[in-house]
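A.B. asks: Give me coordinates for this.
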Amino acid sequence: MEVKKDILWRVYLCFIGMALFGVAILGRVFFLQNIEGDYWRRMSDSMHTTFVTLDADRGTIYSEEGRMLSTSIPYFNLYVDFAADGLRAKSGEVFKNNADSLAYCLSRLFGDKSQAEYKSILKEGYNDKDRYFLLKRNVSFNEYQQIRQFPMFRLGKNKGGLIAENRQRRLNPFKLLANRTIGLARENAQNVGLERTYDDHLSGVTGKRLMRRIAGGTYAPVEGYDIEPENGKDIVTTLDVNMQDIVETALMRMVTENEAQYGTCILMEVKTGKVKAIANLGRQPDGSYYEDMNYALQATEPGSTFKLATMIAVLEDKHVTLNNTVDIHEGAWQVGRRTVWDSEPHRGINHITIKKAFEISSNVGMAKLAWQYYREQPNKFVDHLKRLRMDKTTGIDLMGEGKPVIKTTASKSWSATTLPWMAFGYEVQVSPMQTCMLYNAVANNGKMMKPYLVNAIMEYGKPIKEFKPEVLIDSICSTETLTQLHTILEGVVTGGTAKALATPYYPFAGKTGTALVANGNRGYSDHIYQSSFAGYFPADDPQYTCVVIIKNKPFAAKFYGGSVAGPVFREIADKLYALAVEKQGTMLAGGKKLDSVMVMKNGKGSEWRSIVSTLGLPFQGNLTSSNWVNADIAANKIDFRPVSQPRGFVPNVKGMGLKNALYLLENAGLRVVVKGAGKVTTQSINSGTAINRAQTIVIELS
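C.D. replies: Numbering: from 1, shown residues only. Next up is the predicted model:
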């Protein structure tokens, strides 16, 4: 009996313990669900959600005249939420009623699958209750607009289930035109050009989107948890599309004809330093040309265009005048163990003026000047180059500008022949942009301008930062020296190495260059020449500075600067001069010449009187505050003739703008129906017709 009680007591004790344990579990469950439930649910969500970045719309790059040079276009990845409440309501009535027609529309739009195939794909996603079913990648904006109106999708996100993931793709509308300067915005590589320099402004601020992990390891967006991105700002450049096209076309023609390794051309506005065009064309393996590198910023041995700096030094130090003579030894002069050669033979020519030595581009002449006047103090010559900023980069707003090399006596590679070779553009390295800046300073009466490519940074059409012309050196030399520089640069064209380029229509000035360049380990044996021309036009009132550099193929039949780079300069100058003449042709001495294609609208005399007086336009006819006139052009004047508008009759509104036409017709008691835009071409009731009450007139504008 005692044993039985002992066993029962133990059983009861175990039962009570188990009961208490169960109550404790239930109590804990209740506590977790109702007291700490929100905390643990948030913890669970945090383990199954993540934030993804939303790219901002990248800003647009514009030319100076407002054309888009680089912009972003949207494209979309489309998904379907087949677990959307509205889509599955009433046993999936919406899906069942629209699946066939949706599959048909998708098949017609994309043409990559049949209607049956699309329906099968849609049914598979619906049956799997896929919350993020991939329907199509890389859909264009126009396609997306059409898809939003397709059956089922047009019912909205909750009922239709359509989810659009917006992406951006960068587009250069003008393709090759200034491609390297404008640059490339690349997802998986470093940007280049203006896209890189102004990336912080163009890229904007990224946003965030909360995404929840769903079945299959994919993520679907959580509604209402987006942080919208801040779009990038726009850039307005100094580039001119028409000028860029002229420069690119001229350069392309020559590099293709001469099978050159590469070519570059810079066009700069003299007074401001604005770069209006840059072309960089490199030969590709298939023989075509592409803007593959920014050659305009690469430092190379410039050759004879550098002789301008040598002339500035000797003239500014008053060692010589243009009429002094120098012995060029028929184009060959030995210095130590090396010989200076002129690029063209000068047999029988010895003592010539310094002006002539520059015009015929004598290397010997320039080398002897530097050797004669600076061999005791070479750094004095170098100091002139430094004052001209030849040892500094230009600071143009493009990354990757090559660092120039201007040797001094402290340089490890300085030798006894360095100075004379520097005088004609060897043993120094400068970029075409530096050469352009120097020649532009001469064209600009000695004032050196900093070259720049961006006028303004814009936000919502308003400038938030503007860039103005910047003067680097007020005067690179004295007025006396500057006058002599103009003389010799013009002399190169009238009687020197560029005389074949001269034109009777306008004067221009410049300097040719022909430099023998090394080909890696092969040295100079391949006879590769760099042809160049640097100058400005028109010489009597410089508007643009232009530098052309072309690196030719080995053993090219044509390689002199005057016959390779010079014609590119001349073609560009011809076309820009022709455009300027055409534009100035609208001006007459003593008054304005009226364009025959001006849109002339008939109207009120008082309004026309205000217009012609403000603009100073020539006119004939009587303009009063009460009369209406017909405007036309006759004998290079605006010819105003009175138009009678009697009361009680339909007025004549042909040729008027909409505002004046409505004023007359409605004041006459007519109801007016308007079609089109522009000025009135027809009216449904002829002028002079008696007006009836509540009569309607239709006017068409174009």
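A.B. asks: Quick one: neighbours of residue 182, just the number.
C.D. replies: Neighbourhood size, residue 182 [other C-beta atoms under 10 Å]: 25. From N, CA and C alone the C-beta is placed, and that goes for glycine too.
A.B. asks: Quick check on it: phi, psi?
C.D. replies: The phi/psi pair for residue 182 (degrees, to the nearest 10) reads phi -60, psi -40.
A.B. asks: what's the answer for residue 289, then?
C.D. replies: When quoted as degrees, to the nearest 10, the phi and psi of residue 289 stand at phi -120, psi 140.
A.B. asks: how many other residues sit next to the residue nearest to it when sequence neighbours are not counted?
C.D. replies: Nearest residue to residue 289 in three dimensions, chain neighbours excluded: residue 281, at 4.2 Å (C-beta to C-beta, 6 or more residues apart in numbering). Residue 281 has 27 neighbours, counted by other C-beta under 10 Å.
A.B. asks: Does residue 281 belong to a helix, a strand or coil?
C.D. replies: Of the three states, residue 281 takes strand under DSSP: H, G, I helix; E, B strand; the rest coil.
A.B. asks: State the distance from the residue lying closest to residue 290 once chain neighbours are set aside to residue 176.
C.D. replies: For residue 290, ignoring the flanking residues on the chain, the nearest one in space by C-beta to C-beta, 6+ apart is residue 284 at 5.5 Å. Using C-beta to C-beta, to the nearest Å, we find residue 284 at a distance of 12 Å from residue 176.
A.B. asks: the more surrounded of these two?
C.D. replies: More crowded of residue 284 and residue 176, by other C-beta under 10 Å: residue 176, with 15 against 10.
A.B. asks: just checking, the residue nearest to residue 290 touches residue 292?
C.D. replies: Yes: Residue 284 lies in contact with residue 292 (C-beta atoms under 8 Å); the separation is 7.3 Å.
A.B. asks: longest strand of the chain?
C.D. replies: Across the chain, the strand with the greatest residue count (assigned by DSSP state E) is strand 68-80.
A.B. asks: hmm, back to that, spit out the residues that contact residue 284 and residue 176 alike.
C.D. replies: Both residue 284 and residue 176 are in contact with residue 290, where contact means C-beta atoms under 8 Å, 6 or more residues apart in numbering.
A.B. asks: Can you pull the phi/psi pair for residue 360?
C.D. replies: phi -90, psi 10.
A.B. asks: Report pLDDT for it.
C.D. replies: What the model reports as pLDDT for residue 360 is 94.
A.B. asks: swap in the one 5 residues further on?
C.D. replies: The pLDDT attached to residue 365 in the predicted structure is 94.
A.B. asks: before we move on, back to that, residues shared between the contacts of residue 284 and residue 292?
C.D. replies: Between them, residue 284 and residue 292 share no contacting residue, judged by C-beta under 8 Å, 6+ apart.
A.B. asks: Residue 638: what secondary structure?
C.D. replies: Three-state call for residue 638 (three-state DSSP): strand.
A.B. asks: can you give me the helices in the stretch 551-700 of the chain?
C.D. replies: Assigned by DSSP state H, counting those that start in this stretch, the stretch 551-700 of the chain shows helices spanning 561-584, 605-615, 658-667.
A.B. asks: Lowest average confidence across the ones you listed, which one?
C.D. replies: Among the helices of the stretch 551-700 of the chain, helix 605-615 scores lowest, with a mean of 67.
A.B. asks: hang on, residue 91 is in a strand, isn't it?
C.D. replies: No: checked against three-state DSSP, residue 91 lies outside a strand; its state is helix.
A.B. asks: what about it, neighbour count?
C.D. replies: Neighbours of residue 91 under the rule other C-beta under 10 Å: 7.
A.B. asks: list the contacts for it?
C.D. replies: By C-beta under 8 Å, 6+ apart, no residues touch residue 91.
A.B. asks: for residue 155, same thing?
C.D. replies: The neighbours of residue 155, taking C-beta under 8 Å, 6+ apart as the test, are 86, 94.
A.B. asks: that older thread, can you tell me how far the residue nearest to residue 289 is from residue 192?
C.D. replies: Residue 281 sits 16 Å away from residue 192, going by C-beta to C-beta.
A.B. asks: what helix or strand does residue 413 sit in?
C.D. replies: Element membership for residue 413, per DSSP states H and E: none, as it lies in no helix or strand.
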